[in-house]
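Visitor: Need coordinates for the below:
(chains A, B and C)
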Amino acid sequence: MFELRLVEGGLLKKILESLKDLVNDANFDCSATGFSLQAMDSSHVALVAFLLRAEGFDHYRCDRNLTMGMNLGNMAKMLKCAANDDIVTIKADDGTDTVTFMFENPSQDKIADFEMKLMDIDSEHLGIPEAEFEAIVRMPSAEYARICRDLSSIGDTVVISVSKEGVRFSTRGDIGTANIVCRQNTSVDNPEDATVIEMEKPVTQTFALKYMSSFAKATPLANQVTISMSSELPVVVEYKIAEVGYLSPYSLKTLNLSKKQSLKWSPYSLKSEFVEERKPKVEIEPETKSNGEADASVETKPESETNGEAEVMDVE
Amino acid sequence: MFELRLVEGGLLKKILESLKDLVNDANFDCSATGFSLQAMDSSHVALVAFLLRAEGFDHYRCDRNLTMGMNLGNMAKMLKCAANDDIVTIKADDGTDTVTFMFENPSQDKIADFEMKLMDIDSEHLGIPEAEFEAIVRMPSAEYARICRDLSSIGDTVVISVSKEGVRFSTRGDIGTANIVCRQNTSVDNPEDATVIEMEKPVTQTFALKYMSSFAKATPLANQVTISMSSELPVVVEYKIAEVGYLSPYSLKTLNLSKKQSLKWSPYSLKSEFVEERKPKVEIEPETKSNGEADASVETKPESETNGEAEVMDVE
Amino acid sequence: MFELRLVEGGLLKKILESLKDLVNDANFDCSATGFSLQAMDSSHVALVAFLLRAEGFDHYRCDRNLTMGMNLGNMAKMLKCAANDDIVTIKADDGTDTVTFMFENPSQDKIADFEMKLMDIDSEHLGIPEAEFEAIVRMPSAEYARICRDLSSIGDTVVISVSKEGVRFSTRGDIGTANIVCRQNTSVDNPEDATVIEMEKPVTQTFALKYMSSFAKATPLANQVTISMSSELPVVVEYKIAEVGYLSPYSLKTLNLSKKQSLKWSPYSLKSEFVEERKPKVEIEPETKSNGEADASVETKPESETNGEAEVMDVE
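Guide: Alright, predicted model coming up:
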């Protein structure tokens, strides 16, 4: 028996809306730790991960670990039927192949339940190698979303350069070039408007704007976004979810990550190549420990499955 | 000479917006009683009727009964040119084949008149048999509209079941099932938020969501909707229009009705069959008495005209 | 070196949005007087002109006259990346073939610069003949936009008739006819709501609604629009831009004008024919004096270039 309840159901709606265009089908993992997901997008370029900790829910019960494969588009359709102030309950009985979403309105005179068949989805947990990022930028998430939107009207890729002065986003297209510089700014009335740069050494990386813009769909979840970069590592774009009244902050991470032992994600070109396995030492964040069951013997994905990447390789 | 004037012209705009997707061409009947319409949708599944009583208008003059055939799409286009606070006048001279819509803004410095050719439309008035409904649900119209929208994202038909506890709307589709229960709730601050069930015996009926959603287009007209059901009768979805400052409430009814003597509308399957004439005893509501002129000798529509129904018969 | 700066950058965004659908490529003229543009739409029916006077800018420097050919769609794309409260700077160095747009947010922690290649565009300055208009209508620009929109749902052309009582806009289409009369009205609380008619003699002219609606895209620029008409002249639709805090009002004129010496614009039919050159005596407004350099020896456009007009000639 698995059951979770969230008084502010709108949060789950927003999470699904931010995920459904990036990932089609994915396994949700339910454990004593919380409700989590880790999945690669269909072209195997981006890795999406989120964890909602058990303590954050108004009610959370998980008798034994459970993996629920769902189509995120269908799940989003069902969650869209919840009003933002509905109490949302997700439950699954042991041994059944269905999941139930229940929505109760605050006055309790309207109760909806939606039942969806679960799917068997082949997936593997990726261990995320411990990373010491060379540069971490924290900035208003709406600003990041706006920059992605603006640059997308000019070009296809974005060069992100972090230096002491600030972070520069650049692109180039048929109609011209664009550079947007955000300077460190901590003297703001509201800490959520701050732009903070933590840097060991300057980093410059190039990404497909298509993905960077996709990540910005999580903007409604948090007022700040954190962009972590190292010259040898994929970029990590992270939205922390901290709702008033919850014991612990939720955290949704949208990661551009190397696929352990199979894909080395080269951030400069978005080209992927098969490489030797790198055994992860520790998880990138304590709350993803439950993902540790990803074993080291998983097979390399056949090349035919990575065809989707072709469309993002035409980067100059 | 026929002339009516309404100070709050926005009302006529809203009525047309709610009708135009369901009915293409229709006859408007002008009599001493009021301005009314009764028409079947193009697939002969739903019957739409409304009456705006003469007393409700700021000015109403009807020298002799008049039938004005109009294309509702074109009429809606013209009414859309009225601002919501414009005074709307509709007039037609005897013996002409045109109707004039006049819009005056409150400061009287802008006056628009639109002239439209009338059409000859073959139609017959259907007598609506007296009905004692087994269950009548009154609920917020926005709630009804939202339920239709939500269920339409999952399936094609809706099962409506009324019991003492409340009304249940259910659907089933490829991605799963959905049940929405609205409980009786009269302890609300605003009577327009109430959900009230009047029931002689439980009723369960199945309808095409396409039509139930179409009816919800009338939501801007009234804060409450009444759904009247009997196991042997078509469902009646009714929006009462009661504007402050008018002597009598308007009433717009969107009815799913048996076509007198020609179509028996079987609500469980949305399948139609030809049946014997049933002579109506009384009109369903006093204000529709003017429709009594529908005579009993009208012919059964040829089958070819009811082909449109095929598209709503594929109900499980 | 050319450089202009505008603290309220949103103004430039609005100007581009109002122009880009009417004109594809155009030359911007930078001189000591100001920043101006004069261009015909692609079907050579309408002439668009605007001048932003040097005094109106927060900073304006123009070492020598400069013509910058730009694609207005691309320029609009770049300006869209400016927030409405950004400070916008446009600059071009002498001898380069690029223009730079710079956007700084009010807190100065975000600076964007966009660079665009300039184009070589063949164009000629048209001298605008001095005109004594027979009738000038000044009315709320939103009202004018709404009338264009409403009539466009009925017909393709509009007949504008100015008389002492007011201005009448009429159209006729398949579904019927429409007449909208706006009466002179100066007894309003806000002068921007006034409709004022100045008239020497009544004028009636016919125009393509497509163009009259295009002009209405400038509505966000000014609360009032001025429509100037003479039976022998093209209509002039003008939006005056007067922003608080600027020394002199900007003026954007959207003109339907005869092309000097090549096109006579016949307002009744929108048909164009080649005519003898008419030497302009004076400019229509003092601020367009810089356009005087249009010389009298420019060649008549070959007929093949005016094919685009065919689409607006099917006027009844």
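Visitor: so where's the longest helix in chain A?
Guide: Residue-count comparison of every helix in chain A, with assignments taken from DSSP state H, identifies helix A:141-152 as the longest.
Visitor: can you tell me if that one touches chain C.
Guide: Yes: contact of helix A:141-152 with chain C (Cβ under 8 Å from any Cβ of the partner chain) involves A:143, A:146, A:150. (Glycine included, C-beta is placed from N, CA and C.)
Visitor: How much space separates the first one from chain B?
Guide: Spelled out, that is residue A:143. Between residue A:143 and chain B the distance, using Cβ to the nearest Cβ, to the nearest Å, works out to 33 Å.
Visitor: picking up where we left off before, for ChimeraX, write the select line for the buried members of the residues of helix A:141-152 next to chain C.
Guide: The buried residues among these can be selected in ChimeraX (16 or more other Cβ atoms under 10 Å in any protein chain shown) with this line:
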select /A:143,146,150
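Visitor: Same list (the residues of helix A:141-152 next to chain C) but as TSV, adding pLDDT.
Guide: Conversion of the residues of helix A:141-152 next to chain C to TSV gives the following (pLDDT from 0 to 100):
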residue	pLDDT
A:143	96
A:146	97
A:150	97
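Visitor: now, among the residues of helix A:141-152 next to chain C, which is nearest to chain C?
Guide: Ranking those by separation from chain C, with Cβ to the nearest Cβ as the measure, puts residue A:150 on top at 3.9 Å.
Visitor: Name the SS class of the nearest residue to residue A:121 once chain neighbours are set aside, please.
Guide: For residue A:121, ignoring the flanking residues on the chain, the nearest one in space by Cβ to Cβ, 6 or more residues apart in numbering or on different chains is residue A:69 at 3.7 Å. Secondary structure state of residue A:69, per DSSP: H, G, I helix; E, B strand; the rest coil, is strand.
Visitor: pLDDT wise, what is residue A:69 at?
Guide: You'll see residue A:69 listed with a pLDDT of 95.
Visitor: Pull up the residues of chain A that are close to chain B.
Guide: Counting by Cβ under 8 Å from any Cβ, the residues of chain A near chain B are A:71, A:74, A:77-78, A:80-81, A:98, A:107-117.
Visitor: Tell me which entries of the residues you listed lie within helices.
Guide: Using DSSP H, the members of those that fall in helices are A:74, A:77-78, A:80.
Visitor: Would you mind checking which helix or strand in chain A has the lowest mean pLDDT?
Guide: Of the helices and strands making up chain A, the lowest-confidence element is strand A:271-273, at a mean of 24, by mean pLDDT, DSSP states H and E.
Visitor: Please put the alpha-carbon coordinates of stretch A:205-217 into PDB.
Guide: Taking Å, rounded to 0.1, in the frame of the first residue of the first chain, the C-alpha atoms of stretch A:205-217 are listed here in PDB:
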ATOM      1  CA  GLN A 205      30.000  26.000 -21.900                       C
ATOM      2  CA  THR A 206      27.700  25.700 -24.900                       C
ATOM      3  CA  PHE A 207      24.200  24.200 -24.800                       C
ATOM      4  CA  ALA A 208      21.200  23.700 -27.000                       C
ATOM      5  CA  LEU A 209      18.700  26.400 -26.200                       C
ATOM      6  CA  LYS A 210      15.900  23.900 -26.800                       C
ATOM      7  CA  TYR A 211      16.900  22.100 -23.600                       C
ATOM      8  CA  MET A 212      17.700  25.100 -21.600                       C
ATOM      9  CA  SER A 213      14.300  26.500 -22.500                       C
ATOM     10  CA  SER A 214      12.600  23.200 -21.600                       C
ATOM     11  CA  PHE A 215      14.100  23.300 -18.100                       C
ATOM     12  CA  ALA A 216      12.600  26.800 -17.700                       C
ATOM     13  CA  LYS A 217       9.200  25.200 -17.700                       C
END
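Visitor: That stretch and chain C, any residue contact?
Guide: No: under the criterion of Cβ under 8 Å from any Cβ, chain C is not reached by stretch A:205-217; the shortest gap measures 13.4 Å.
Visitor: Tell me the buried residues in that stretch?
Guide: In stretch A:205-217, residues buried by neighbour count (16+ other Cβ under 10 Å) are A:205-217.
Visitor: So which of these belong to helices?
Guide: Judged by DSSP H, helices contain the following of the buried residues of stretch A:205-217: A:209-215.
Visitor: and the end-to-end length of stretch A:5-12?
Guide: The distance separating the two terminal residues of stretch A:5-12, taken as Cα to Cα, to the nearest Å, comes to 11 Å.
Visitor: So what's the model's average confidence on it?
Guide: The predicted model gives stretch A:5-12 an average pLDDT of 88.
Visitor: burial count for the residue nearest to residue A:121?
Guide: Under the neighbour criterion other Cβ atoms under 10 Å in any protein chain shown, residue A:69 is assigned a count of 17.
Visitor: check contacts around it.
Guide: Going by Cβ atoms under 8 Å, 6 or more residues apart in numbering or on different chains, residue A:69 touches A:25-28, A:118-121.
Visitor: how far away is it from residue B:142?
Guide: Between residue A:69 and residue B:142 the distance, using Cβ to Cβ, to the nearest Å, works out to 35 Å.
Visitor: swap in residue A:32?
Guide: Spatial separation of residue A:32 from residue B:142 under the definition Cβ to Cβ is 41 Å.
Visitor: who's more crowded, those two?
Guide: When residue A:32 and residue B:142 are compared for neighbours, residue B:142 comes out ahead with 16 against 12, by other Cβ under 10 Å.
Visitor: Find the closest residue to chain C in the stretch 201-316 of chain A.
Guide: residue A:209 (13.4 Å).
Visitor: Verify the stated contact: that residue with residue A:156.
Guide: Yes: with the criterion set as Cβ atoms under 8 Å, residue A:209 and residue A:156 qualify as a contacting pair; they are 5.8 Å apart.
Visitor: Mutual contacts of the two, please.
Guide: When Cβ under 8 Å, 6+ apart defines a contact, the residues bordering residue A:209 and residue A:156 alike are residue A:171.
Visitor: Can you tell me the closest non-neighbouring residue to residue A:180?
Guide: Distance criterion Cβ to Cβ, 6+ apart; nearest residue to residue A:180, sequence neighbours excluded, is residue C:112 at 4.2 Å.
Visitor: swap that for residue A:133, sorry
Guide: residue A:228 (4.1 Å).
Visitor: Phi first, then psi, for the one you found.
Guide: In terms of degrees, to the nearest 10, the main-chain angles of residue A:228 are phi -110, psi 130.
Visitor: Quick check: the gap between it and chain B.
Guide: In this structure, residue A:228 and chain B are 36 Å apart, going by Cβ to the nearest Cβ.
Visitor: List the contacts of that residue.
Guide: With contacts defined as Cβ under 8 Å, 6+ apart, residue A:228 is in contact with A:131, A:133, A:135-137, A:235-236, A:238.
Visitor: beta partners for it?
Guide: On the basis of DSSP bridges, residue A:228 is bridged to residue A:136, residue A:236.
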